[in-house]
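*Asks:* I need the structure of the sequence given here:
(chains A and B)
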Amino acid sequence: MEAAARTPQPQSALDELGLPREIVLEPPKGWLSLRLRELWAYRELLYFLAWRDIKVRYKQTVLGAAWAIIGPFLTMVLFSVIFGKFARMPSDGIPYPIFSYSALLPWQLFSKAMVEASSSMITHQNMITKIYFPRLFLPASTILSGLVDFGISFVVLIGMMFFYDIQLTWRVVLVPVFLFLAIVTALSVGMWLSALNVRYRDFRYVTPFLVQFWLYATPIAYSASLIPDQWQFVYNLNPMTGVVNGFRWALVGQTMQLDPIFLVSLAMVAVLFLGGLIYFQRMEQTFADLV
Amino acid sequence: MTGGSFAVQAENLGKRYRIVRGKRRVMLRQALSDAVTSGLDSIRLSLDPDAGKEKKSTRRTFWALHDVSFRIRSGESVGIIGPNGAGKSTLLKILARVTAPTVGKARLRGRVGSLLEVGTGFHSELTGRENIYLNGAILGMRRREIECKFDEIVDFSGVEEFLETPVKFFSSGMRMRLAFSVAAHLEPEILLVDEVLAVGDAAFQQKCLSKMGDVVGHGRTVLFVSHNMAAVRALCQSAMFIDRGGIVYSGDVNGAIQQYLSQDTRDQSQPLEFERSPSRRVQILSVSLEDESGAVSTSLPHDRPFSARIKFAVRDPVYRGHLEFNILDDDLNAVATVRDVTENSESLISRSAGTHTYRLRFPTPSLIPGRYRLRVRALTRHKSYTHLLDEVNAVWPFEIYDSGSLLSRMNIPWSGKVILPVEWDTVEHEEVGSP
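*Replies:* Numbering: from 1, shown residues only, chains lettered A, B, ... in the order given. Okay, the predicted model is just below:
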């Protein structure tokens, strides 16, 4: 009785998922149904999607994990030579290579997530038109997989800190907080861009420009202290300003002050995140028709 | 099951699509310039009330599904049949939550599993094992569930030895088998299945059908969209015939099939044209059959030449694309298949954008007398995986009649479906009684 052995127990699996037993399908309406419970129920899929991204990336490239190091490391070397050595940019008393590299880490996480998340709906259009799952996981998984790169680059940073003999302070406990902020910022921008990309097909031409523009608007190659006081408020409207500054300050910035104006950046992260979540979830139901 | 317990209930479901003629996608640059011009227009409109009229006509909507209501008892398996573009797939997509209805409401009671395609989310760089986990998760299985059923899935697929091989090295058949095996072990209370058996070899289709039979036998609710009438007959207790976005018939399977097949046997004097959907890269525009003299016809003598005419638009040439033309029998099984690719010539689909018309000339005689239909598909093969670009299925019902053949005069019944142009050569002959 092979067939009998396969008798399912769908009820138990369903109850475990915590989803309501009856699903009602209706035309989309209302602003604030974020369906957070459903995201939780599907969490394993998020894990599988991120796991897939990581596996595929390291399988396809010969250099594999080395790419995660090479990218930011070479950028750091270039910045150090041009801005640190030739242009003699002030770096808040931190050795310039450490100064730029510590900022490139959260930046790399952010920019990569931005590029990949923005195209994630188009890349997965086959899935979107064929099966239901929370679409939010597509941009979210690209960020999770970026964390692996971040981890690898972080090990290099630790090595560099030994080399330059930089002492850690109590502030290091705040590093995870700023990392979390970087993730939230990346996710916020990812939600906006991926939804806009579905809506407007030429939006992908905007993304590379946006990445480049954003890089210069963020204190990576230069110090935020260069910005005149009267412009600090506007400058901190860029959420990445707060994230990068905070990350640098918590990890290597013994000689650096964290201006309380960075709270403006934090507020921007919150605005961007909530706005992105609402916009994305509202657009979600139309993705299959538009993509 | 009490009479009141339903698994799926739809009330006045409708889905409207917007067709934007002329441009394929909404562009940001377009939206921005529209915003500017509409600002100007509103000024112009206030001065001249006729100015906005021609602008409106470029935007058209159509109802892919309209005012559809039904109830399905739990444990019932229902076939959904109907011609192309009737709204079957739209209905399934709404129930599967892929797309939201424009109006109406549907309720589903129980865990829903949908199988609108086999192998959704398969990644060619990952191994068979990895893809089982990934695909399972995408279909809504939990990791523990996949682990439990892993051996069973592998067993069913029969690709055990290749479990650690990247799927890109799999043949399309192996890939299908693996993908279906994962899907077959999804155990929802309500299963939505769309024409997933359309690709794949006959033996494997048979295996899938018997697995589907298992599913039905286990008291689960199944909605099954298919063009394969034999499969619908075998698997479903009742059926709905959907045409032009509405339910035409709902009831027993044979009734629905009869309705469907008798729907369009009227004489066709014009090539059959299909709804233009400008978002498709390749689209079949019209199909017709012509007799010897070139007149459009649905009734052809078995011993005279005839030809088929297919008009199609290529908006964006597709790498490794091709057209497939099938002649279907009464049960909508393909009895003959031809494709427009050969060893040394590429299909027009991958060569040039534009509107093309093919004429297919058939040898004489080619089909035995009987009733047939046509199917045309535009396909592309991508990494050993066949992807459907467009399809018109079970169209142009026609009859091949016996125009006084030797067989009929001798009262010998025809058998088989296709007549092969075989030459009977006598290579040895011995006279009786010769030395």
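
*Asks:* okay, CA-based contacts and neighbour counts for the rest of this
*Replies:* Noted.

*Asks:* near chain A, which residues of the stretch 51-200 of chain B show up?
*Replies:* Taking Cα under 8 Å from any Cα of the partner chain as the test, the list of the stretch 51-200 of chain B residues beside chain A reads B:93-111, B:114-117, B:120-121, B:125-126, B:133-134, B:137-140, B:142-143, B:187-189.

*Asks:* narrow those residues to those that are buried.
*Replies:* Neighbour-count burial within those applies to B:93-111, B:114-117, B:120-121, B:125-126, B:133-134, B:137-140, B:142, B:187-189; the criterion is 16 or more other Cα atoms under 10 Å in any protein chain shown.

*Asks:* contacting residues around the helix or strand harbouring residue B:224?
*Replies:* Here residue B:224, judged by DSSP states H and E, is contained in strand B:221-225. Under the criterion Cα atoms under 8 Å, 6 or more residues apart in numbering or on different chains, residues B:7, B:73-81, B:88-89, B:189-195, B:216, B:232, B:236 lie in contact with strand B:221-225.

*Asks:* please repeat the previous calculation with a cut-off of 6 Å.
*Replies:* Taking Cα atoms under 6 Å, 6 or more residues apart in numbering or on different chains as the criterion, the residues outside strand B:221-225 that touch it are B:74-80, B:190-195.

*Asks:* quick one: least confident of these?
*Replies:* Lowest-confidence member of the contacts of strand B:221-225: residue B:195, scoring 72 (pLDDT).

*Asks:* nearest residue to it other than its sequence neighbours?
*Replies:* residue B:226 (5.0 Å; Cα to Cα, 6 or more residues apart in numbering or on different chains).

*Asks:* what segments of chain A are helices?
*Replies:* Chain-ordered helices for chain A, with DSSP state H as the definition, fall at A:2-5, A:10-17, A:36-41, A:43-60, A:66-79, A:96-123, A:125-128, A:137-163, A:175-199, A:206-216, A:229-235, A:239-252, A:262-284, A:287-290.

*Asks:* mean pLDDT and distance to chain B for these - can I get that in TSV?
*Replies:* Conversion of the helices of chain A to TSV gives the following (pLDDT from 0 to 100; distance: least, Cα to the nearest Cα, whole Å):
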stretch	mean pLDDT	distance to chain B
helix A:2-5	36	8
helix A:10-17	44	6
helix A:36-41	82	10
helix A:43-60	87	5
helix A:66-79	86	19
helix A:96-123	91	11
helix A:125-128	88	6
helix A:137-163	91	11
helix A:175-199	92	7
helix A:206-216	92	10
helix A:229-235	90	26
helix A:239-252	92	25
helix A:262-284	91	9
helix A:287-290	83	6
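
*Asks:* can you say which of the ones you listed is nearest to residue B:209?
*Replies:* Distance to residue B:209, taken as Cα to Cα, is lowest for helix A:2-5 among the helices of chain A, at 15.0 Å.

*Asks:* enumerate every residue touching residue A:102.
*Replies:* Applying Cα under 6 Å, 6+ apart to residue A:102 gives the contacts residue A:248.

*Asks:* who's in contact with residue B:253?
*Replies:* Residue B:253 neighbours (Cα under 6 Å, 6+ apart): B:238-239.

*Asks:* returning to what we had before: the residue nearest to residue B:195 against residue B:209, yeah?
*Replies:* No: counting by Cα atoms under 6 Å, residue B:226 stays clear of residue B:209, with 11.7 Å between them.

*Asks:* these two: who's more crowded?
*Replies:* With neighbours defined as other Cα atoms under 10 Å in any protein chain shown, residue B:226 and residue B:209 compare such that residue B:226 has more, 21 against 17.

*Asks:* ok, now how distant is that one from chain A?
*Replies:* Plainly put, residue B:226 is 16 Å away from chain A if you go by Cα to the nearest Cα, to the nearest Å.
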